[in-house]
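Asks: Please find the sequence and the predicted model below.
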Amino acid sequence: MQINDKSGLTNYQASPKRYNEMTYKRSGKSGVLLPAISLGLWHNFGFVDNIQNARDILRCAFDLGITHFDLANNYGPPYGSAEENFGTIFKNDFKSYRDEMFIATKAGFDMWPGPYGNLGSRKYLISSIDQSLKRMNLEYVDVFYHHRPDPDTPLEETMGALADIVRQGKALYVGISNYQPAETQKAAELLREYNVPFILHQARYSMLDRWVEDGLLNTLEDNGVGCIAFSPLAQGMLTDKYLDGIPKDSRAGKNLTYLNTETVNENIEKVQQLAEIANNRGQKLSQMAISWILRQKQVASVLVGASSSSQLKENVKALDYLEFTSEELEQIERVLS
């Protein structure tokens, strides 16, 4: 929703109906309710992208009741630019809505040159959160994640840094991402010892990538931690895009990172069968893929990216069909097995 001020410039005013339709789920045993669908800013929000389109997507998301926005220090490209663009848009459009927003960022992957710009040292994590807050024009984030395990830094140092970031008021909660079940268990024990609210584990999860079901979801439930799933559409495979072949301008057609023609060809028969099940449910394949993840009680939210407002609206329609019959689930399992 937009209104024009006396100067003729466009200002944003959130829709008064923004909380009417969105589904919210509790993150583990915390007090935090997340929108069932959250917006990830991994792609389409960097300096190489159109900032007005990014602004339109963010406004659309908030008007749909999406309160959770997920970033990382190195999202872009270039590194840091997604946070900086978000900060610009936040300052102009969302500052008065800060207490309604749940904003996340992360550190753990390559960010700046030298030995202190990567992985999980105290030096890196505290420097990174300070930089991220400055780029985003924020006093704090709602959750700060360690983005991946560091095999060489003691976990006590990494988790201790997260604890101190909360104590310094730079984050309200902490999370981890891409940790295996045993690593997650140890992290949970340390953070409990440090009396720090550990509420989220961000993990890759889709119909075609179910590793979290092999112990991680149970570990999270045992520790009262929610799961937030990223890549729910398997880099676009679980959409209508590849049902009739591989378009030359697609991610797979260009053999871009994370998806190539070989991977699509290996999975296309399953994707076509899943699309037929989705059609019988009255959904698009992408919508069913999101609904299927949300059926897991441990999953607090599903992260989706968006290149346009219309794409985001289409994904949110997944919430219209969250229930599965036992027959539908059996059909899906037969396809995926």
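Replies: Everything's here; your move. Remember, predicted model here, so these are calculated numbers, not experimental data.

Asks: What residues of stretch 111-128 count as buried?
Replies: Of the residues in stretch 111-128, those buried by neighbour count under the rule 16 or more other C-beta atoms under 10 Å are 111, 117, 118, 119, 120, 121, 122, 124, 125, 126, 127, 128. C-beta here means a position set from N, CA and C on the backbone, and glycine is covered the same way.

Asks: Which members of those are the farthest-apart pair?
Replies: Largest separation among the buried residues of stretch 111-128 by C-beta to C-beta: 111 and 122, giving 15.0 Å.

Asks: Would you mind checking which of the buried residues of stretch 111-128 is nearest to residue 174?
Replies: The closest of the buried residues of stretch 111-128, once distances to residue 174 are taken by C-beta to C-beta, is residue 125, at 10.2 Å.

Asks: which ones are touching that closest one?
Replies: Contacts for residue 125 (C-beta atoms under 8 Å, 6 or more residues apart in numbering) come out as 107, 146, 158, 161, 162, 165.

Asks: Just the pLDDT for residue 244.
Replies: For residue 244, the model assigns a pLDDT of 78.

Asks: give me the number of residues near it?
Replies: Per other C-beta atoms under 10 Å, the neighbour tally for residue 244 reads 9.

Asks: just to confirm, which helix or strand has it in it?
Replies: Per DSSP states H and E, residue 244 falls between elements, in no helix or strand.

Asks: hmm, which two among the contacts of residue 125 are most spread apart?
Replies: In terms of C-beta to C-beta, the contacts of residue 125 reach their longest pairwise distance at 158 and 165, which sit 11.0 Å apart.

Asks: hmm, back to that, just put the contacts of residue 125 in JSON lines and tack on pLDDT and secondary structure.
Replies: Below are the contacts of residue 125 laid out as JSON lines (pLDDT from 0 to 100; DSSP: H, G, I helix; E, B strand; the rest coil):
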{"residue": "107", "pLDDT": "98", "secondary structure": "strand"}
{"residue": "146", "pLDDT": "98", "secondary structure": "strand"}
{"residue": "158", "pLDDT": "98", "secondary structure": "helix"}
{"residue": "161", "pLDDT": "98", "secondary structure": "helix"}
{"residue": "162", "pLDDT": "98", "secondary structure": "helix"}
{"residue": "165", "pLDDT": "98", "secondary structure": "helix"}
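
Asks: In a markdown table: those residues, plus neighbour count and distance to residue 17.
Replies: Output for the contacts of residue 125, formatted as a markdown table (neighbours: other C-beta atoms under 10 Å; distance: C-beta to C-beta, whole Å):
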| residue | neighbour count | distance to residue 17 |
| --- | --- | --- |
| 107 | 28 | 36 |
| 146 | 25 | 37 |
| 158 | 23 | 42 |
| 161 | 23 | 41 |
| 162 | 29 | 37 |
| 165 | 23 | 36 |
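
Asks: I'd like the residues you listed as CSV, with distance to residue 49 appended.
Replies: Listed next are the contacts of residue 125 as CSV, based on distance: C-beta to C-beta, whole Å:
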residue, distance to residue 49
107, 22
146, 27
158, 31
161, 31
162, 30
165, 29
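
Asks: List just the nearest of these to residue 201.
Replies: Taking C-beta to C-beta as the measure, residue 201 lies nearest residue 146 of those, at 10.5 Å.

Asks: residues in contact with the closest one?
Replies: Residue 146 neighbours (C-beta under 8 Å, 6+ apart): 106, 107, 108, 120, 125, 158, 159, 162, 174, 175, 176, 177.

Asks: helix/strand/coil for the nearest residue to the second one once chain neighbours are set aside?
Replies: Distances taken as C-beta to C-beta, 6 or more residues apart in numbering put residue 128 closest to residue 107, at 3.6 Å, once the chain neighbours are dropped. Here residue 128 is helix, with the state taken from DSSP: H, G, I helix; E, B strand; the rest coil.

Asks: okay but residue 128 is in contact with residue 116, surely?
Replies: No. Counting by C-beta atoms under 8 Å, residue 128 stays clear of residue 116, with 9.6 Å between them.

Asks: Need phi/psi at residue 241.
Replies: phi -60, psi -40 (degrees, to the nearest 10).

Asks: Tell me how many other residues crowd it.
Replies: Using other C-beta under 10 Å, residue 241 has 20 neighbouring residues.

Asks: if I read this right, it contacts residue 247, doesn't it?
Replies: Yes. The pair residue 241 and residue 247 qualifies as a contact (C-beta under 8 Å) at a distance of 6.7 Å.

Asks: hmm, who's touching stretch 16-27?
Replies: Stretch 16-27 has contacts (C-beta under 8 Å, 6+ apart) with 32-37, 62-66, 199-200, 225-226, 228, 294, 299-301, 316, 319, 322.
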